[in-house]
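>>> quick one, fold the following:
(one chain, ligands or ions: 2)
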Amino acid sequence: MKILLYNPDNGVTRNFMPHLWMFLLQAITPPDHEVILIDANARAMSDDELVQFVRKQKIGLVGIGAMTRMAEKAYRVADAIRSAGVPVVMGGPHVTEVPDEALGRDGGPRHADAIALGEADETWPTIVEDAARGELKEIYAPVDSDGKERKPSLQPYPALPWETLNLDQFDFFPRILRPLLSRVGQRWRTLRLIPIESGRGCPYGCEFCTVTGFFGDSIRFRTNQSIVEELLKLKARAKAEGGLIGVFFVDDNFAISIKRTKSLLRDIIAAGAQLPWIAQISANLLRDEELVDLIAQSGGKVIFIGMESIDPVNLKDVNKGFNKPEEYAMVLNRLAERSICAITSFIIGLDNDTPGVAERILEQIRSWPSGFPVFGQLTPFPSTPLYKRLLADGRLIRPKHWLKFERYSMAHKPLKMTVAETHRELHQAWVGSYSAQRNAEAVQALSYGGVGIRVFHFIVRLAFRGIYFPQTTKRDWVKVIFENRRTIFNLAQEAVRRTRAKRQNLGISIQATDQTHP
Ligand code: B12
Ligand code: SF4
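Ligands and ions are numbered 1, 2, ... in the order given. Model prediction:
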């Protein structure tokens, strides 16, 4: 049987990296079945094109995975494929949180023939065999023989064939900038970001987060050895093919067990398996200076930190009181001292937020080392404690917000601001972080480093800007390049000056060598 695994995009912006679940399920599909992967973030297709593709390829089963944000599109695509007579199985966080919806058991239309609840590492092979026999069941849940929920162990972990997979769709650099970047140096022509998980689960239980509910509070890890092997394969490939390969450790809290993270990082260093990497780590865990040293030595370049708020009352409200705003600057400086950048993530619209919150956050950000701030509005994801609280308090204005996806639009009434004010604050936070002037300041603040670092920081800034201000067409890019022309000109001028100086120095040293070796 031919199987298509499909991951929808959100219809507006694109992720910079295909989703790991597809590669994982492909690796554990029983032999005798062929698996084709399409991530709409990397390969955009209309519903019609997709249905044509499914027909032409004679696909026998389509698996669709979706976050809540992509649910509307996922259902639409599923409907189109099912009307072509091909069965659809859906999985991932959203269907796990609201299983009745996909199966049409909540009074709405049915979108899937079957759903896979929770982690599908152990149920997927059964789903495939059942589908091949034409005996798909409606619900597949990871349970043991007593019917109790079972979280798969990550030991052993399937070997993902990164050494042979086509990695073109993992290129982080926007297409339009690639020719320019190749001129900076052949090494810079691509930056392929590969998702790797080292463990699952986070026990912290922040009120808005789905992770503790989905993966459970029992943390599970892969062996250090299997991760190091994966890194070594990727490193060998980067060496053989040129270009840059980086890794995104997709664990929700990569240092949730500091002892284990340190041991993994030490093993990476000992094996010489360092590649540039990104991971998400909560600020409280970065108090450990030895951990930060190991992060730097093992190739860590960017850390995503869920700061959420600079207001301790807000943090306590969402059960994230372990974040201490007074420590943020210390943590960020400590990272910057080791040339590690931070993606600082904030939530706007928390219960204690009032008008002016964006400016208050921006003021703090301007006092920190240059990084990449991101902002979202407080979003009640189904089945989170936050959703239940807002529902009970009658504050949900769009209780099924995912069925009509609206980017950056509130689904509930904030407490101390209106919805319109919250939207304005969110907009202000993005403008204040990624205006041409702010980009210039952030790049200028890095002038102690080489021009390469600044060019890279600037390009990443432009990409991050695109999370809020969609940049999917050539026109969008031309506009953003025009707005930032002064920074681009200054960086280009400096690059030329440095290259000339380097050439001259080289000339002098060649002459000197000639003189000593006549
Ligand atoms: C990496 C990541 C991203 C990446 C992009 C995704 C990528 N390319 O990998 C980035 C950083 C861009 C991102 C962005 C966002 N993310 Co995100 N992200 C993650 C993260 C950390 C890891 C995903 C992952 O690979 N996990 C490991 C794999 C193996 O797990 P999995 O995907 O769940 O797959 C398993 C099962 O779900 C199941 N499964 C999944 N799909 C399917 C399909 C079928 C057919 C079957 C059978 C089974 C199945 O099988 C897999 C193996 O067991 C998760 C949290 C987490 N730990 O999962 C959050 C998470 C998915 N993100 C989340 C959110 C909210 C977002 C944002 C909306 C954040 C924001 N405010 O902007 C954005 C939206 C992006 C967009 N384009 O619109 C939420 C989603 C909650 C929800 N209910 O939707 C999560 C769960 C985190 C959280 N704190 O709650 N994200
Ligand atoms: S620390 Fe991060 S992953 Fe863990 S519960 Fe909180 S938000 Fe979710």
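>>> for the helix or strand hosting Glu363, give the mean pLDDT please.
In this assignment (DSSP states H and E), Glu363 forms part of helix 357-366. For helix 357-366, mean pLDDT is 98.
>>> give me the helices and strands touching it, please.
Contacting helix 357-366 under the criterion 3 or more CB pairs under 8 Å, 6 or more residues apart in numbering; DSSP states H and E are the following elements: strand 341-348, strand 372-377, helix 419-434. Every C-beta, even on glycine, is put in place using the N, C-alpha and C of the backbone.
>>> most packed of those?
Highest mean neighbour count of the helices and strands packed on helix 357-366: strand 341-348, a mean of 22 (counted as mean count of other CB atoms under 10 Å).
>>> before we move on, the earlier item: neighbouring contacts of the helix holding Glu363?
Outside helix 357-366, the residues within contact range by CB atoms under 8 Å, 6 or more residues apart in numbering are 310, 328-329, 344, 346, 348, 371, 373, 375, 417, 425-426, 428-429, 432-433, 441.
>>> quick one: Gly450 from Ile488, how far?
As for Gly450, its distance to Ile488 is 17 Å (criterion: CB to CB, to the nearest Å).
>>> one more: Val143?
In this view, Val143 and Ile488 are 56 Å apart by CB to CB.
>>> between these two, which one's more packed in?
Legend: neighbour count by other CB atoms under 10 Å for Val143 and Ile488, higher for Ile488 (19 against 14).
>>> distance between the worst-scoring helix or strand of the chain on mean pLDDT and the chain's centre?
Sorting the helices and strands of the chain by mean pLDDT, DSSP states H and E puts helix 178-184 at the bottom, at a mean of 71. On the basis of CA atoms, centre = their mean, to the nearest Å, helix 178-184 sits 25 Å off its chain's mean C-alpha point.
>>> go on, stretch 445-453?
Stretch 445-453 sits 26 Å away from the centroid of its parent chain (CA atoms, centre = their mean).
>>> for the chain, give me the ranges with low pLDDT.
The chain contains residues with pLDDT under 70 at 13, 183-185, 506-518.
>>> ranges for the strands of it?
Counting by DSSP state E, the chain has strands at residues 2-7, 34-39, 61-65, 88-91, 114-116, 139-140, 191-196, 199-200, 220-221, 244-249, 277-280, 300-308, 341-348, 372-377.
>>> the fourth one - contacts with which helices or strands?
Read that as strand 88-91. strand 61-65, helix 71-83, strand 114-116.
>>> and these, which is most packed in?
Using mean count of other CB under 10 Å, the stretch among the helices and strands packed on strand 88-91 with the largest mean neighbour count is strand 61-65, at a mean of 26.
>>> outside of that strand, which residues touch it?
The contact list for strand 61-65, computed with CB under 8 Å, 6+ apart, reads 1, 3-8, 19, 21-22, 25, 54, 74, 77-78, 81, 86-92, 112, 127-128, 131-132.
>>> does ligand 1 sit close to stretch 186-194?
No - if you take CB under 6 Å from any ligand atom as the test, stretch 186-194 misses ligand 1, and the best it gets is 8.6 Å.
>>> check which residues of that stretch are buried.
By 16 or more other CB atoms under 10 Å, the buried positions in stretch 186-194 come out as 188-194.
>>> ok, now stretch 466-475?
Per 16+ other CB under 10 Å, stretch 466-475 contains these buried residues: 466-468, 471.
>>> got the end-to-end distance for it?
For stretch 466-475, the first-to-last residue distance is 13 Å (CA to CA, to the nearest Å).
>>> that one near ligand 1 at all?
No - Stretch 466-475 lies out of reach of ligand 1 by CB under 6 Å from any ligand atom, never closer than 6.9 Å.
>>> just how off-centre is that stretch within its chain?
Taking CA atoms, centre = their mean, the mean C-alpha location of stretch 466-475 is offset from the chain mean by 17 Å.
>>> what's the answer for stretch 290-299, then?
21 Å.
>>> what of stretch 239-258?
Put simply, stretch 239-258 sits 11 Å off its chain's centre (CA atoms, centre = their mean).
>>> where does the stretch 151-300 of the chain come near ligand 1, residue by residue?
The stretch 151-300 of the chain comes close to ligand 1 at residues 195, 197, 209-211, 250, 252, as judged by CB under 6 Å from any ligand atom.
>>> among those, which two are most distant?
The span of these, defined through CB to CB, is set by Pro195 and Cys209 at 19.1 Å.
>>> more neighbours: the two, which one.
A count of neighbours by other CB under 10 Å puts Cys209 above the other of Pro195 and Cys209, at 20 against 17.
>>> residues in contact with the more buried one?
Contacts of Cys209 (CB under 8 Å, 6+ apart): 202, 381, 384.
>>> swap in 10 Å and give it another go.
202, 252, 306, 318-320, 381, 384-386 (CB atoms under 10 Å, 6 or more residues apart in numbering).
>>> what ranges do the helices span in the stretch 401-518 of the chain?
419-434, 436-444, 451-468, 474-483, 485-516 (DSSP state H, counting those that start in this stretch).
>>> helices or strands up against the shortest one?
Where contact means 3 or more CB pairs under 10 Å, 6 or more residues apart in numbering; DSSP states H and E, helix 436-444 is packed against helix 357-366, strand 372-377, helix 419-434, helix 451-468, helix 474-483, helix 485-516.
>>> the inter-axis angle of it versus helix 357-366?
Computed by axes from the mean of the first three to the mean of the last three CA atoms, to 10 degrees, the angle separating helix 436-444 from helix 357-366 equals 20 degrees.
>>> for Cys341, see how far away the closest residue to Pro156 other than its chain neighbours is.
Closest residue to Pro156 apart from its sequence neighbours, by CB to CB, 6 or more residues apart in numbering: Ser226 at 7.3 Å. For Ser226, the distance to Cys341 equals 28 Å [CB to CB].
>>> do Ala114 as well
Distance of Ala114 to Cys341, given as CB to CB: 43 Å.
>>> likewise Thr418?
Per CB to CB, Thr418 is found 35 Å from Cys341.
>>> so who does the closest residue to ligand 1 within the stretch 251-400 of the chain touch?
Residue nearest to ligand 1 within the stretch 251-400 of the chain (CB to the nearest ligand atom): Gly376, separated by 3.5 Å. Gly376 is in contact with 208, 308, 345-349, 408, 426, 429, 467-468, counting by CB under 10 Å, 6+ apart.
>>> without its sequence neighbours, what residue ends up closest to the closest residue to ligand 2 within the stretch 51-200 of the chain?
Scanning the stretch 51-200 of the chain for proximity to ligand 2 using CB to the nearest ligand atom identifies Arg200 as nearest, at 10.5 Å. Spatial nearest neighbour of Arg200, excluding adjacent residues (CB to CB, 6+ apart): Phe215 at 4.6 Å.
>>> hmm, back to that, dump the buried residues of stretch 186-194 to a markdown table, plus distance to Phe172.
A markdown table is the format used below for these (distance: CB to CB, whole Å):
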| residue | distance to Phe172 |
| --- | --- |
| Trp188 | 11 |
| Arg189 | 12 |
| Thr190 | 8 |
| Leu191 | 4 |
| Arg192 | 7 |
| Leu193 | 5 |
| Ile194 | 10 |
